[in-house]
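J.: my questions are about this predicted structure, shown below with the sequence.
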Amino acid sequence: MTTFDEMNARSWEENHLFSVLVELTYRCNLDCFFCYNDLNLRGTPLTFDEYATFLRDLADMNVLNVILSGGEPLAHPDFFRIGSLARDLGFVVRVKSNGHALRGELARRLRDEVDPYVVEVSLHGACAETHDRQTRVPGSFARLIENLGVMKELGLRVKVNSTLTAWNEDETAGMYAICDALELPLRFDLQVSPRDDGDRAPLAIAPTAAGIRTLIDVQNARSGAAGFSPPDDGRAEARPSTKHCGAGSAGIALDPYGNVYPCVQWRRAVANLHDVRIAEIWRTGFDEIRAETEEAARVVRAHPQGKLLNFCPGLAEVLTGSATRVPDEMERVAGIIASTS
Amino acid sequence: MINGNSTLTLDRRVRFRRFEDEGIVINQKAAEAVVISEVGTRLIELADGTRTLRECATLLSEEFDAAPDVIEQDVIRFAEQLVEAGIAAAS
């Protein structure tokens, strides 16, 4: 019998679209310093009817996961119509939200009308000073902590994500303590990304070597701690594969203006939904991307730091101009990780 | 007691997708993913809450060229497993 991980891995090899990330809007009720969205991007927003056609096409293609993201996805005026249609069409719906508005009636509606598999929220520090410095909205930390409790009480499954930065790297133990108290899983990303328009300003708060080592020490001290493992969103660990990742092979991303990308981090638009239906884009638009993910796999295998690189072709393309060239920043982080093991 | 006259309906919190010949069932309540065999996948597609398990078994026996009575027993056993796992309800 095939396992779920094997099936996920097969989706990469056989180009079976498995997960679709939908950026519904770039509007947001927070103003995060390192937000990667290109707020200057312009275009004609997709209408509800276009989203409905898109989702029905994806259901016909047997796509499993739909991730509603943003900006803040709940800021889209049709969020609940789109979310409940995705539920009715049988998708596993994930919602990536900053959590700021997820309380009271809105949180109840999310549970009842969208029934997400998981709500992923971002925590930027263990105290208001650090978290609110990142979000640039006073009171956002206190409100998030309160809302996490509300969501949990409502029975929503919540996962907490955090990007390690120079601002929060001394607070990782405290962030774990907050999540432990709420019985929520917390996952750190070690890589601060440039903005989608190439602006590298966010890299100014990339974590220091000491901060990365501290996080690894904290995680090692916690190893064995329990946490749930939701279905993968396209970056499966189950390999071997001829491809480095599932970008354009098992997953895609869509921006609010209909541009279709191989991945949320790989901002090379291959087509636009205003012009072409997704089935046609999937059939004809990703050959080049898939070849590059195969080349990326060869590059990573040949690199002395190998998997420690946490290589991302999309991020590499922004940082170096090539999706198969390893950026210095990835080597720096991999070197720090290697030095701790 | 599930029998040939029973009908099967997936739980409203369960998600199902075909993947080539097999299927994936995600039980959102339990946070579990289960891969279903080719025949099981086809049964879930046929069991729409109106067809009885016997009717499903008849269709499956034609599609998979197997004896209807043998298939019906397999279908009932599989339905019992789905109900026990909280994936479907029988009526």
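T.: Structure's in. What do you need? Numbering: from 1, shown residues only, chains lettered A, B, ... in the order given.

J.: strands paired with whichever strand or helix holds A:Val95, and their directions?
T.: Using DSSP states H and E, A:Val95 falls within strand A:92-96. Paired neighbours of strand A:92-96 in the sheet (DSSP bridges): strand A:65-69 (parallel), strand A:118-122 (parallel).

J.: after that strand, which helix or strand is next? Please name it.
T.: helix A:104-109.

J.: list the buried residues of that following helix.
T.: A:Ala107 (16 or more other Cβ atoms under 10 Å in any protein chain shown). (Glycine included, C-beta is placed from N, CA and C.)

J.: can I get it in PDB, CA atoms only?
T.: Output in PDB follows, covering the C-alpha atoms of helix A:104-109 (Å, rounded to 0.1, in the frame of the first residue of the first chain):
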ATOM      1  CA  GLY A 104     -15.600  36.500  18.000                       C
ATOM      2  CA  GLU A 105     -18.000  36.200  15.000                       C
ATOM      3  CA  LEU A 106     -15.200  36.100  12.400                       C
ATOM      4  CA  ALA A 107     -13.400  33.200  14.100                       C
ATOM      5  CA  ARG A 108     -16.800  31.300  14.400                       C
ATOM      6  CA  ARG A 109     -17.600  32.000  10.800                       C
END
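
J.: list the helices and strands that helix packs on?
T.: helix A:140-154 (3 or more Cβ pairs under 8 Å, 6 or more residues apart in numbering or on different chains; DSSP states H and E).

J.: what's in contact with the helix it packs on?
T.: A:30, A:98-100, A:102-104, A:107-108, A:111, A:119, A:121, A:123-125, A:127-128, A:130-132, A:135, A:158, A:160, A:178, A:182-184 (Cβ atoms under 8 Å, 6 or more residues apart in numbering or on different chains).

J.: B:Val75 against B:Leu43, yeah?
T.: Yes. If you go by Cβ atoms under 8 Å, B:Val75 and B:Leu43 touch, sitting 6.0 Å apart.

J.: okay, and the common contacts of those two?
T.: Counting by Cβ under 8 Å, 6+ apart, the common neighbours of B:Val75 and B:Leu43 are B:56, B:60.

J.: okay, and the beta partners of the one residue in chain B that gets nearest to chain A?
T.: Residue nearest to chain A within chain B: B:Ala33 (4.2 Å; Cβ to the nearest Cβ). Taking DSSP bridges as the rule, B:Ala33 bridges to B:Ile26.

J.: mind checking what helix or strand follows the biggest helix by length in chain B in sequence?
T.: Across chain B, the longest stretch assigned as helix under DSSP state H is helix B:68-84. Note on helix B:68-84: by DSSP H and E, the next helix or strand toward the C-terminus is strand B:88-90.

J.: list the strands paired with that following strand, with their directions.
T.: strand B:8-10 (antiparallel).

J.: average model confidence for the partner strand?
T.: In this model, strand B:8-10 has a mean pLDDT of 95.

J.: stretch A:15-32 now?
T.: Per-residue scores along stretch A:15-32 average to 96.

J.: in it, what counts as buried?
T.: For stretch A:15-32, by 16+ other Cβ under 10 Å, it's A:15-28, A:30, A:32.

J.: now do the same end-to-end measure for that stretch.
T.: Start to finish, the residues bounding stretch A:15-32 are 35 Å apart (Cα to Cα, to the nearest Å).

J.: now do the same contact list for A:Gly104.
T.: A:Val150.

J.: state the distance from it to chain B.
T.: Distance of A:Gly104 to chain B, computed by Cβ to the nearest Cβ, to the nearest Å: 23 Å.

J.: do you know the pLDDT at that residue?
T.: pLDDT at A:Gly104 comes out at 94.

J.: now the strands for chain A?
T.: Shown for chain A, the strands assigned by DSSP state E span residues A:19-23, A:65-69, A:92-96, A:118-122, A:158-163, A:186-189, A:251-254, A:259-261, A:271-272.

J.: can you point out the buried residues in the longest one?
T.: By 16+ other Cβ under 10 Å, the buried positions in strand A:158-163 come out as A:158-160, A:162-163.

J.: in chain A, which residue is most central in space?
T.: A:Val264 (7.1 Å; Cα atoms, centre = their mean).

J.: just to check, that residue is in contact with A:Glu23?
T.: Yes. With contacts counted by Cβ under 8 Å, A:Val264 reaches A:Glu23, the gap being 7.4 Å.

J.: quick check: neighbours shared by these two?
T.: Here A:Val264 and A:Glu23 have A:69, A:253 as joint contacts, going by Cβ under 8 Å, 6+ apart.

J.: hmm, back to that, can you narrow the buried residues of stretch A:15-32 down to the ones near chain B?
T.: Residues of the buried residues of stretch A:15-32 in contact with chain B (Cβ under 8 Å from any Cβ of the partner chain): A:His16.

J.: and the buried residues of stretch A:15-32, which is closest to chain B?
T.: Nearest to chain B among the buried residues of stretch A:15-32: A:His16, at 6.6 Å, using Cβ to the nearest Cβ.
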